Structures are given as structure tokens and as C-alpha cells.
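Peer 1: Okay, structure incoming, though there's no sequence with it:
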Ligand SMILES: Nc1ncnc2c1ncn2[C@@H]1O[C@H](COP(=O)(O)OP(=O)(O)OC[C@H]2O[C@@H]([n+]3cccc(C(=O)O)c3)[C@H](O)[C@@H]2O)[C@@H](O)[C@H]1O
Ligand SMILES: Nc1ncnc2c1ncn2[C@@H]1O[C@H](COP(=O)(O)OP(=O)(O)OP(=O)(O)O)[C@@H](O)[C@H]1O
Ligand SMILES: NC(=O)CC[C@H](N)C(=O)O
């Protein structure tokens, strides 16, 4: 006999504190779930307030308004006859918990607080919430008047680690991080006969992270059996994170439904029809039964409802959903779509008129430009091809068109022409014809509104002013200057580019007469300045403080140079942009010093390390949590086939030197899309001092070890020496 049940999970693009919009999206997801025949709908973590309210969770307004919004949602007829699991913060006995509210036909059945909070990396849940008192503990909760009124007198409900018992099955909930814990609550509930586990998440995107999530869910349900519904926030809800949706339904380790990871759609409902009998037969294994019979019983809140079809009224048309293979994107694809969706959310939610990007002809600003192009492609697909009304409405507003406009872009480039502005800000002596023409050609291929100008007049004015005041003429090193004057002249150019970028960003919409034909809105708005410093440059501090790295937002600030290059290569084929090969082939250069017959500035020579080495240092420092001594000892093994321990020491010491003297630059770095777990972002993710004493203790220890090694310390591995000879 089969007992089929249709269940719904979803990804919602919630926005922190947007109570109206969040409630609207929740209702729409419930409507779609019911339309698909689902008897249960679950949603993302803290979906009523938005996950990213941060310190706003500490305000009474936030929680009070969450109850008001919940009452408004439950009063809507769309919520009738479907079991609903909605997330919001709840105060209980003056303690704030991160909760799921499970209700049926307006009655609040259970408030299930999160037991294991997320408190690493980007997460600070312990700052606002307290973990629930413990497994299987349940108490009475006194409901606020808004709910009492709605339910015609329900004054209290249960709060705690309990399960929902319907007439045909049992439902339990996990909240995001709980899935990542060694003893996840779902396994205990599963041993106590809970057949459906929901997981409501506020889980952000990081390159290659979806695989971990899928592995964890598959492992949990492979071991315990059960139906697992995964729901997640999707989009930028107000800060550096992009939550990457990927709602899923998994049965006994088999995926039967998977939603999109990156999408511009505000509401995506994922449903599947599954057989409860599959769980029961999977669990018949004796060793499981032995553990299950010892499992402490959970309190069950009963509800007069069947989730499955009535077996007396067999529905021949209802079929179980077949198994599908998990869809994982390449890291290049994740880079192409994650930051692109984040940029779109940021743009539409900031009410600005588009983007401005200083485009140097180098690979980093090229990568930022390609991400805007990727965004335009997604917008074109959704607004024009799929006719998504919300995306079209946002596009018309951002493009400065009236809401009733019949303008429709014919391709992504036509979107770019309206909202994307690029500028090559050259110097006669320092900029090469190559970078200038690459920038121009790329801009033309992407359709951006492009300016090509030289900044020499501004640069000369600043140097002349300085000379007039100090009677001192700063020179480049090649013309007899010192390292200090050489850097100062470079920094003038870099910072002038920043000042000019903000000027263009503010006034280009006015210059172009944006909104001239839009009577609804006479303010042309400004452009968001985009930055292009990558994660490795930030780590090394290879950037001028308050230059073009000080933008409004930076889509590549969390991505390594190595991944960026792979992304550009991928884009050249997948976005049909052959020009990109020339960006990959060009050696990275800042072009801040004069180019002469025998000198061209080079990034890697300037930095005294390669980008590949920087990625290694970055990962070992942050992800592996290695200090200077441990990094040296790890790298003597990792690089032992090509470098002597002494050479490794010199490299590690050089890295820490630059990292230490430049760490202060991270305090003012542009907010960027978080993509890597070795991001050095000082503001939210990587909290460290920005004034360092040096690492003398560690270096003395290394030097002691090198001395003890004797000759071995300086011995270069034989085959590395052979390779060196060959290359000479
Ligand atoms: N501990 C500390 N806490 C707070 N501030 C500190 C500080 N130490 C120095 N400072 C301040 O930081 C400033 C020095 O930093 P900064 O002005 O960035 O200048 P600085 O780091 O000296 O030079 C810029 C670096 O960026 C490189 N670069 C390469 C390629 C492109 C670009 C580009 O921008 O396009 C730049 C360039 O080669 C050079 O290595 C000074 O004002 C100094 O007083
Ligand atoms: N000639 C230029 N025209 C326009 N913008 C420039 C120019 N030179 C530098 N910039 C801007 O300043 C940023 C920082 O300059 P930097 O030389 O450090 O480049 P980068 O981070 O290596 O990036 P890229 O690879 O794009 O040159 C660039 O990403 C770019 O946005
Ligand atoms: N909101 C959460 O509990 C998220 C934590 C989890 N480790 C994640 O990154 O997905």
C-alpha cells in the first residue's frame, strides 16, 4: 500500500525589516503550494522579519511587528486547510528565541525554538538569540493579543522541542545550523518515529558550499530514513551575503526535488509527492529499531489533519516524484550567477539609477563588468523572455522608464546601455594603448555607456599645487625619485580616479537626461560606484587606501584572483565574448608608473609574491587558522618539493610583513559579496587587530628550527634545482 503526500518547501527573497513585502511573499508561496496540491508548506528561517535584521532583533518593534504580520498572514483565506511552518523571532519569559511557528487553520500548534545557534564566520546568532533549553523540553507559551483575537480565544500553545502528530504521520523541524551539528535534532526525532523533517535556513552562498549541504541532508536521511524538506532564503537581504536558495526535498537519501540556487524570482515553490510507506519500509532495518526503542519520547502536539491522500479514496493520477540527480554548478558558474543576483537585488533595493565602473583594461575591473553583464542577461531572460512582472517592473523603474512604458530591451546589451556606465581614466605617460583599447572594446561588447578620458590635467594640478606649497618636486623612481615619492605619485592617480568616479556616478544620469520622459519621478538618481579589488589584493594590502577600491559595493571583493581568471575564461565561451582572452593573456599591471622601453610595472613583482601563493596564504591563515609559525611548518611540507625551509621562511615572513602593515586597509574596504571562507573582510567576517606588533616570537622559533636543521635548511630539492637550470 502506498500513502502519498504532496509537500512544499520554498526559497523566498526576503528583505530584512520589509514586513509588508515579506508577508506578501510568504502568502504567495502558500498560494502556490496549495495550487500544487501540497498539504504542508515550510519557509526559510526568520522569514517574517528577514534573516539579516542583526541588531534590530534586539528591538521590541521587530518582534511585535512580526506577531502582527503573522496574524495578518494567518487571517488570509489562502492559509486555510494547509499546515504551515513559518519562521520569526519570539520572546518567551523575557528570553529571545529563533523560532518556527507551526499552525493550522489559524490555530498555533507549536512554537519550535532553535536549539543550536549559528555563531561562526558571518553568523552571530548568540548576540540576539538564546539556544532553547534543551532537547525534548516543552513549556506553555502565552500568545499575544493579536493572535488571541484572530483565533477566537486561543490563549496559549506549546513552545519547545516537540513534534506535530497528524492523523497519518509525524512532523519535526530543524533550523539551518542544526543540520550542520554532529548530533542533529532530526536524527533523534527520526528515531522517535518522526517521518517528515523540515529545515528552514538562512544559509549564505560560498563557492562550493551547496555540495556540503546536500551531503549533510543525504547522510542524515540515509542513516535515519525520512523525508527532508529544505527551505532557504534567496537573495541579498540587506548586506554582504547572498543566500542561495536551493530548496530541496530528499527521501531516504534520494533527491526528488531541487530548486534554483541563483534566481531573480522572489518566490520559488518546490513540491514533491512522496510515499510515507517508503520511509517505513526503509526504517524496518533491525539495528535502527534497536536504537529507536531506546529513544526518549518527544512530546507530540496532535492535530486533526491528514497530510496524505485518503487511502479509501485512491487517486490514480497522483504519482510519487521520481529521483533526480543533484545539480551542482561549476565554481565559474557560481561566480557568474551569485554576485549577479546580489547586484540586482542591491540595485533595485537601493533605488539607484544604475552602476558606474572605472574600467582599467585589467582583469579585475573586467570581472566586475562581466558580472554586471551576467546580471543584464538574467534580467533580460526574466523580464523579457519569461515576462516575470516583478523583474520587468524593477527594470523599468531602474532604467528610468514610466511604469506604463512599452520599451523592452532586445538583448542584455540594451539593458546595459541604460544602466551600466564605464570609464577608462587614463594617464598619457602611464597608460598603454592596449589597456585603453581593451577597455573600449569590452565596453562596446557589453553595451555599457563608455567614457574614455585622461586624468592628466587633474594629476598635474595636484602635483603643481603640492610643489607650490612645499617647493619640492616629487619624482618617479626611474627619474631619480625615492620609493616614497614614487608611491605618492602613484597614489595621486589612484585617488583622483576615485574622486572622478564619484563625480561621474552622481551626474551622468542628469547628463543623459534620465527620467526626462518619466513624469512620475523627476529625480534622475545617482549611480552606484562598483569596486574591483579582489580578495588576494586585499589580504596583501596591494591597493591604495581610498582609491577606486573605495567604491559603494564590490561584487568580486570576496573572490580570489585564481577563481576570477577561471571565471573570465568560462565567460569568454559561455557569454560569447572572445575579447576576454586578451584580458587573460595580459600580465597584471597597475600602470601607475611611466612605461619606458625597458620598464613596465607588474603586480606580482610589486607584491613580491604571486597570486597563486597569496591564495595559499589566505586559506592557511583563515580557513586552517594557522599563525606564522604553523604556516611555515605546514608549507615546508606542502612546498618541500620545490623550496628549501629557508626559502619558505622568507616567503611566509614577507607575506606576514605586508599583511601586518596593510591590515588597516581592511577597516575601510568596500562592502563586497562574500564568496570565500578565507575572506579578509574586517567588518563582519575576519575580526582581527589592525595594528600588529610583528611576529618576532614566531620568527625566532622558526630561526631556531632552521639553525637546528643545519645544511638541510637551505637545501633546494634536487629536481627543483634541475627545473631551475632548465628554465635558465
Ligand atoms: N597601522 C595603520 N593604521 C592606519 N593607517 C595606517 C597604518 N599604517 C599606515 N597607515 C596609513 O595608510 C596610508 C598608506 O596607505 P596607502 O595610501 O594605501 O599607500 P601605500 O600602501 O603606501 O601604497 C599603495 C600600495 O598600493 C599598491 N598599488 C598597486 C596597484 C594598484 C594600486 C592602485 O591603487 O591602483 C595600488 C602600490 O604599489 C603600493 O604598494 C597612509 O596614509 C598611512 O598613514
Ligand atoms: N586607467 C584606468 N581607468 C579606469 N579605471 C582604472 C584605471 N586604472 C585603475 N582603475 C580602477 O582602479 C582599480 C584599482 O586599480 P588597480 O591598478 O589596483 O587594478 P586592479 O585591482 O589590478 O584591477 P584591474 O585588473 O582592473 O586593473 C581598478 O580595478 C579600476 O577600477
Ligand atoms: N542560519 C544558520 O544557521 C546558518 C548556518 C550554517 N552553518 C550555514 O552556513 O549555512
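Peer 2: Right, received. Where do you want to start? Predicted, not measured: the structure shown is a model, and the values here were computed from it. Ligands and ions are numbered 1, 2, ... in the order given.
Peer 1: Only C-alpha atoms from now on, for both contacts and neighbour counts.
Peer 2: OK.
Peer 1: touching ligand 3 at all, stretch 123-138?
Peer 2: No: using Cα under 6 Å from any ligand atom, stretch 123-138 stays clear of ligand 3, with a minimum separation of 7.0 Å.
Peer 1: avg pLDDT for that stretch?
Peer 2: For stretch 123-138, mean pLDDT rounds to 97.
Peer 1: cool, and stretch 680-688?
Peer 2: Rounded mean pLDDT across stretch 680-688 is 87.
Peer 1: Straight-line length of it, end to end?
Peer 2: With Cα to Cα, to the nearest Å as the measure, stretch 680-688 spans 9 Å from end to end.
Peer 1: Could you do stretch 553-566 as well?
Peer 2: 22 Å.
Peer 1: in it, what counts as buried?
Peer 2: Neighbour-count burial for stretch 553-566 flags 553-561, 564-565 (criterion: 16 or more other Cα atoms under 10 Å).
Peer 1: roughly how far is that stretch from the heart of the chain?
Peer 2: Computed by Cα atoms, centre = their mean, to the nearest Å, the separation of stretch 553-566 from the middle of its chain amounts to 13 Å.
Peer 1: hmm, it in reach of ligand 2?
Peer 2: No: judged by Cα under 6 Å from any ligand atom, stretch 553-566 stays clear of ligand 2, getting no closer than 9.5 Å.
Peer 1: Could you give the residue of the stretch 451-600 of the chain that lies closest to ligand 2?
Peer 2: Residue of the stretch 451-600 of the chain nearest ligand 2, by Cα to the nearest ligand atom: residue 590 (3.5 Å).
Peer 1: Show me where the stretch 601-728 of the chain has its helices.
Peer 2: According to DSSP state H, counting those that start in this stretch, the stretch 601-728 of the chain carries its helices in the segments 603-607, 611-618, 628-638, 645-662, 696-709, 718-727.
Peer 1: which ones are touching the residue of the stretch 451-600 of the chain closest to ligand 2?
Peer 2: 601-603 (Cα atoms under 8 Å, 6 or more residues apart in numbering).
Peer 1: you'd agree it is in a strand?
Peer 2: No: using DSSP: H, G, I helix; E, B strand; the rest coil, the secondary structure at residue 590 is coil, not a strand.
Peer 1: ok, it to ligand 3 distance?
Peer 2: From residue 590 over to ligand 3 the distance is 36 Å, taken as Cα to the nearest ligand atom, to the nearest Å.
Peer 1: now swap in residue 64 and tell me
Peer 2: Residue 64 is 22 Å from ligand 3, where distance means Cα to the nearest ligand atom.
Peer 1: The spatially closest residue to residue 364 that is not a sequence neighbour in helix, strand or coil?
Peer 2: Once flanking residues are discounted, residue 364 sits nearest to residue 532: 5.5 Å by Cα to Cα, 6 or more residues apart in numbering. When classified by three-state DSSP, residue 532 comes out as coil.
Peer 1: ok, now residue 457?
Peer 2: Under three-state DSSP, residue 457 falls in the helix class.
Peer 1: and the closest residue to ligand 2 within the stretch 601-728 of the chain, how many residues sit next to it?
Peer 2: Closest to ligand 2 within the stretch 601-728 of the chain is residue 603: 7.3 Å, counting by Cα to the nearest ligand atom. By the criterion of other Cα atoms under 10 Å, residue 603 has 17 neighbours.
Peer 1: what residues are up against the nearest residue to it once chain neighbours are set aside?
Peer 2: Leaving aside its sequence neighbours, residue 603 sits nearest to residue 589 (Cα to Cα, 6+ apart; 5.1 Å). Listed by Cα under 8 Å, 6+ apart, the contact partners of residue 589 are 362, 600-603.
Peer 1: Only whichever of the residues you listed are buried, select them in ChimeraX.
Peer 2: Of these, the buried ones can be selected in ChimeraX as follows, counting by 16+ other Cα under 10 Å:
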select :362,600,601,603
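Peer 1: right, and the pair among the contacts of residue 589 with maximum separation?
Peer 2: Using Cα to Cα, the contacts of residue 589 reach their maximum pairwise distance at 362 and 600, which is 14.0 Å.
Peer 1: rewinding a little: with respect to residue 90, which of the contacts of residue 589 is nearest?
Peer 2: residue 362 (49.9 Å).
Peer 1: Contact partners for the closest one?
Peer 2: Contacts of residue 362 (Cα under 8 Å, 6+ apart): 435, 583, 586, 588-589.
Peer 1: same question, residue 27
Peer 2: Contact analysis of residue 27 by Cα under 8 Å, 6+ apart lists 73, 78-79.
Peer 1: Which one among the contacts of residue 362 sits at the bottom for pLDDT?
Peer 2: Across the contacts of residue 362, the bottom pLDDT score, 79, is held by residue 588.
Peer 1: That residue contacts residue 364, correct?
Peer 2: No: in this structure, residue 588 is not within contact of residue 364 by Cα atoms under 8 Å, at 9.2 Å.
Peer 1: which bits of this protein sit near ligand 1?
Peer 2: Residues of the chain lying near ligand 1 (Cα under 6 Å from any ligand atom): 487, 494, 542-545, 547, 590, 661, 664, 691.
Peer 1: coming back round to it: turn the contacts of residue 590 into JSON lines, including pLDDT and distance to residue 60.
Peer 2: Shown next, in JSON lines, are the contacts of residue 590 (pLDDT from 0 to 100; distance: Cα to Cα, whole Å):
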{"residue": "601", "pLDDT": "76", "distance to residue 60": "56"}
{"residue": "602", "pLDDT": "80", "distance to residue 60": "55"}
{"residue": "603", "pLDDT": "79", "distance to residue 60": "51"}
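Peer 1: JSON lines for the residues you listed, including distance to residue 509?
Peer 2: Listed next are the contacts of residue 590 as JSON lines, based on distance: Cα to Cα, whole Å:
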{"residue": "601", "distance to residue 509": "35"}
{"residue": "602", "distance to residue 509": "36"}
{"residue": "603", "distance to residue 509": "34"}
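Peer 1: Pull the distance from stretch 97-108 to the chain's centre.
Peer 2: For stretch 97-108, the distance to the chain centre is 29 Å (Cα atoms, centre = their mean).
Peer 1: That one near ligand 3 anywhere?
Peer 2: No: residues of stretch 97-108 are not located near ligand 3 by Cα under 6 Å from any ligand atom, the shortest gap being 9.9 Å.
Peer 1: Phi and psi next, for the spatially most central residue of the chain.
Peer 2: For the chain, residue 242 is the residue whose C-alpha lies nearest the centre (Cα atoms, centre = their mean; 3.1 Å). Note on residue 242: its backbone torsions stand at phi -120, psi 120 [degrees, to the nearest 10].
Peer 1: Report pLDDT for it.
Peer 2: pLDDT, residue 242: 97.
Peer 1: Now do the same contact list for it.
Peer 2: Residue 242 neighbours (Cα under 8 Å, 6+ apart): 204-205, 234-236, 338-339, 342, 673-674.
Peer 1: Name the surrounding residues that touch the strand or helix carrying residue 216.
Peer 2: Using DSSP states H and E, residue 216 falls within helix 210-224. For helix 210-224, the external contacting residues (Cα under 8 Å, 6+ apart) are 179-180, 186-187, 190-191, 227-228, 250-254, 283, 288, 328.
Peer 1: Averaged pLDDT, it. What do you get?
Peer 2: What helix 210-224 shows for mean pLDDT is 96.
Peer 1: So which bits of that helix are buried?
Peer 2: Buried residues in helix 210-224, counted by 16+ other Cα under 10 Å: 210, 213-214, 216-218, 220-224.
Peer 1: again with stretch 5-25
Peer 2: Of all the residues in stretch 5-25, those buried under the rule 16+ other Cα under 10 Å are 5-17, 19, 21-25.
Peer 1: do stretch 223-243 as well
Peer 2: Buried, per 16+ other Cα under 10 Å, within stretch 223-243: 223-243.
Peer 1: again, but for stretch 125-133
Peer 2: By neighbour count with 16+ other Cα under 10 Å, stretch 125-133 contains the buried residues 125, 128-132.
Peer 1: Can I get the residues you listed in CSV including secondary structure and distance to residue 150?
Peer 2: Below are the buried residues of stretch 125-133 laid out as CSV (DSSP: H, G, I helix; E, B strand; the rest coil; distance: Cα to Cα, whole Å):
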residue, secondary structure, distance to residue 150
125, helix, 31
128, coil, 28
129, coil, 27
130, coil, 28
131, coil, 29
132, coil, 27
